[in-house]
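J.: one predicted model, sequence on top.
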Amino acid sequence: MSAEYTVNGSVAVITLNNPPVNGLGLATRSAAVDGIRKALADEAVKAIVITGAGKAFSGGADIKEFNSPKALAEPTLGTLISVVENSTKPVVAAIHAVAMGGGLELALGCNYRVAMPGAQIALPEVKLGLLPGAGGTQRLPRVLGLEMALNMVVSGTPIASEKLAKTAIFDEVFGPEADLLGSAIAFANKVAHLRPLPKVRERKVDYPNHEAFLQFSRNTVKAMSGPFPALIECVETVAASVTKKFEDGLKFERERFIHLMHTPESKALRHAFFAERVASKVPDVPSDTPVRSIKKAAVVGAGTMGGGIAMNFVNAGIPVVLLETKQEALDKGIATIRKNYENTMKKGKLTPEKFQQRVDMISGTLSYAEIADADIVVEAVFEDMGVKQAVFTQLDAVMKPGAILASNTSTLDLDRIASFTKRPQDVVGTHFFSPANVMKLLEIVRGAQTSKEVLATTLALSKKLRKTGVVSGVCDGFIGNRMIEQYSRQAGFLLEEGCTPEQVDKAAEKFGFAMGPFRMGDLAGNDIGWYIRKRRYVESPEITYSKTADLLCEMGRYGQKTGAGWYDYKVGDRKAYASGEVDAMIVAHSAEIGVARRKVTGQEIVERLVYSLVNEGARILDEGIALRASDIDMVYLTGYGFPLHRGGPMFYADQVGLSNVLMAMQGYARGRHGDAWAPAPSMVRLAAEGKGFNG
């Protein structure tokens, strides 16, 4: 789609038409330029209105053309804006719903701007590790002032058009009942003969003592930017609007934009942006697959996970019934949920009315019969196959036909769970991450018999719950936990060879992980891993583990919940303190197994942790458990604290180069537990071809 040209009396109307948000792709840019030229050549036309079809004025660049030659082909967005700005007839931007990124930059190139209330106005490029590249950093300060413009560019946060009504960005904000196009045409007729034509570029940025303000801004942004260079670049380019001539500022902005385009941080953010959008697409589940209505939910188990899952449904406006076996457990679960909402209300993030609404949507029961009419039931009980069997046998007996039976299992065989029912087509895995009401990831496990309708419904539900749904096939641990097991194994081996938990965690956190493996173990509970390893010792005796984690659990050090884990903890203090007792246990264990402890570099720690994830991720792809490498990256970015600026383990491996990753793995294969480094077939093949996991 492109842009449509019509004439209404003496006003030409150019309507951007590239659904869903009128992205400024090559065809749209070309048609808009042609429209301006056509209007200029028609003597009967006295003014021009640019507007957007459907649900937006324009959301900016066309993401379908990102990283393709079309994105930079002429006419570029800069060329289109130049044509608009140099028009000899007044051009009016008529804005509704969305004017973001390049869409807002186009509007700023027009002589006049009119808008409907409620339109979202933003320059969100910073969220992709970029800055506005078509004059946004130079024109926005000229209509909003230096301070407000800088805040918008650095945050990327949208502001409603009516809040900007008294600034020079809009010449008029119409009432909510107005007809946008009719009102814009009337406005265009009113200004058709006014000369000279106003241009944003000719306005001055007037800010007293701007040097002090800009220096303050630099200091503030440097302190909060972390590993992302775009934030400070945004400050410098906006600063150019007051310190340089317009054309020089424009040139400087373009240089910084191109520089940021090539930074690994921006590449990682753009990868994550696209990965999130593609994760919901399953090749054999068409977009028109029917979805079931989810108006009522039930959760079996009112513990930490069950309560968090229930809150997700309530937050999305879906009433939920919590089922427990004992009244005491049920009361405790509902009281915890109520307390969570009270805390949110105390922080001012929830009104008393909304608080009451949410609390009223939760009910509890001890009877399976009372959840029979739910559209979906999520089982969130203890991670034991016998317990799951008892629950699913009951659910199969009572739930209405067509109800989705979901399991929150994190490692167990979903197909076996489905076999406990007479309706395996209705069984799906919904692996929420703790805390379930906060974490974005939802691993959706597709069983061998899970119907396409159930899968499509669960993916749609994940969006309603504001989760990033990623589809996984059935295997032990699915995508996330299967990979983290290899990561944890390497962490354990590193302890035996010479590291302390603190040293490993510090290296991982310096790389950018939210938390190192041992702090993460203490938070989750070391007994959970112990329980899984005990199962592995029976089911997969060929897999070797460091005994340090078992020894830790035998000492009763399960983590924060017991006040002692890999680290020591103080009452009311979540800070991890290095433990002399644990360090002594590790050193003694190394001696017992005859391993001479050595100095291990931070680089080796990071490579062994991250490359173990990558190699297992490659196996998961080889086996078809994950649909695509970017899905694995989404699992790790949204569920496991992998650093966003690295783009996920598979993307990071692509950036390092698979041949380099493979070379490092071959080196580690010559050390202790070298068998853990047997490379996945796809890794060897792609490295030989000079390719990456993400194409």
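T.: Looks like it arrived, so ask away.
J.: break the protein down into its domains, please.
T.: Listed by automatic domain parsing, the domain ranges of the chain are 3-261, 297-472, 480-689.
J.: any chance of those in JSON lines, plus mean pLDDT, mean neighbour count and distance to Ala275?
T.: Glycine gets a C-beta too; all of them are placed from N, C-alpha and C. Converted to JSON lines, the domains of the chain look like this (pLDDT from 0 to 100; neighbours: other C-beta atoms under 10 Å; distance: least, C-beta to C-beta, whole Å):
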{"stretch": "domain 3-261", "mean pLDDT": "96", "mean neighbour count": "19", "distance to Ala275": "12"}
{"stretch": "domain 297-472", "mean pLDDT": "96", "mean neighbour count": "19", "distance to Ala275": "9"}
{"stretch": "domain 480-689", "mean pLDDT": "95", "mean neighbour count": "19", "distance to Ala275": "4"}
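J.: what would these look like in TSV with distance to Thr289?
T.: Below are those laid out as TSV (distance: least, C-beta to C-beta, whole Å):
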stretch	distance to Thr289
domain 3-261	19
domain 297-472	4
domain 480-689	16
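J.: looking at these, which is closest to Asp288?
T.: domain 297-472 (9.2 Å; C-beta to C-beta).
J.: chain center to that closest one, what's the gap?
T.: Offset of domain 297-472 from its chain centre (C-alpha atoms, centre = their mean, to the nearest Å): 22 Å.
J.: next: stretch 238-247.
T.: Using C-alpha atoms, centre = their mean, the offset of stretch 238-247 from its chain centre is 34 Å.
J.: okay, that stretch in CSV with CA atoms only?
T.: Written as CSV, here are the backbone C-alpha positions of stretch 238-247 (Å, rounded to 0.1, in the frame of the first residue of the first chain):
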residue,chain,number,x,y,z
VAL,A,238,19.3,17.8,20.7
ALA,A,239,22.0,20.2,22.1
ALA,A,240,23.0,20.9,18.4
SER,A,241,19.5,22.5,17.9
VAL,A,242,20.6,25.3,20.1
THR,A,243,24.4,25.4,19.5
LYS,A,244,24.5,24.9,15.7
LYS,A,245,22.7,26.3,12.6
PHE,A,246,19.8,24.2,11.4
GLU,A,247,21.5,22.6,8.4
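J.: with adjacent residues omitted, what lies nearest to Cys557?
T.: You called it Cys, but residue 557 is Arg. Once flanking residues are discounted, Arg557 sits nearest to Ala564: 4.4 Å by C-beta to C-beta, 6 or more residues apart in numbering.
J.: need phi/psi at Asp568.
T.: Main-chain torsions, Asp568, degrees, to the nearest 10: phi -90, psi 150.
J.: that one bridge partners, please.
T.: Note on Asp568: beta-bridge partners by DSSP bridges are Ala564, Tyr577.
J.: all strands for the stretch 501-650 of the chain, in order.
T.: Using DSSP state E, counting those that start in this stretch, the strands of the stretch 501-650 of the chain run over 567-570, 573-578.
J.: how far is the longest one from where the chain is centred?
T.: Taking the mean C-alpha point of strand 573-578 and that of its whole chain, the gap between them comes to 29 Å (C-alpha atoms, centre = their mean).
J.: what is that strand packed up against?
T.: Applying 3 or more C-beta pairs under 8 Å, 6 or more residues apart in numbering; DSSP states H and E, one finds that strand 573-578 contacts helix 501-511, strand 567-570.
J.: the inter-axis angle of it versus helix 501-511?
T.: Strand 573-578 and helix 501-511 are oriented at 110 degrees to each other (axes from the mean of the first three to the mean of the last three C-alpha atoms, to 10 degrees).
J.: so Glu443 is in which element?
T.: strand 441-445 (DSSP states H and E).
J.: now render the strands of the stretch 501-650 of the chain as TSV, adding distance to Leu123.
T.: Putting those into TSV (distance: least, C-beta to C-beta, whole Å) gives the following:
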stretch	distance to Leu123
strand 567-570	43
strand 573-578	37
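J.: among these, which comes closest to Thr458?
T.: Nearest to Thr458, of all the strands of the stretch 501-650 of the chain, is strand 573-578, at 34.0 Å by C-beta to C-beta.
J.: which residues sit in contact with the residue nearest to Arg557?
T.: Taking C-beta atoms under 8 Å, 6 or more residues apart in numbering, we find Ala564 in contact with Met555, Gly556, Arg557, Tyr558, Ser579.
J.: how much space between it and Leu551?
T.: 13 Å (C-beta to C-beta, to the nearest Å).
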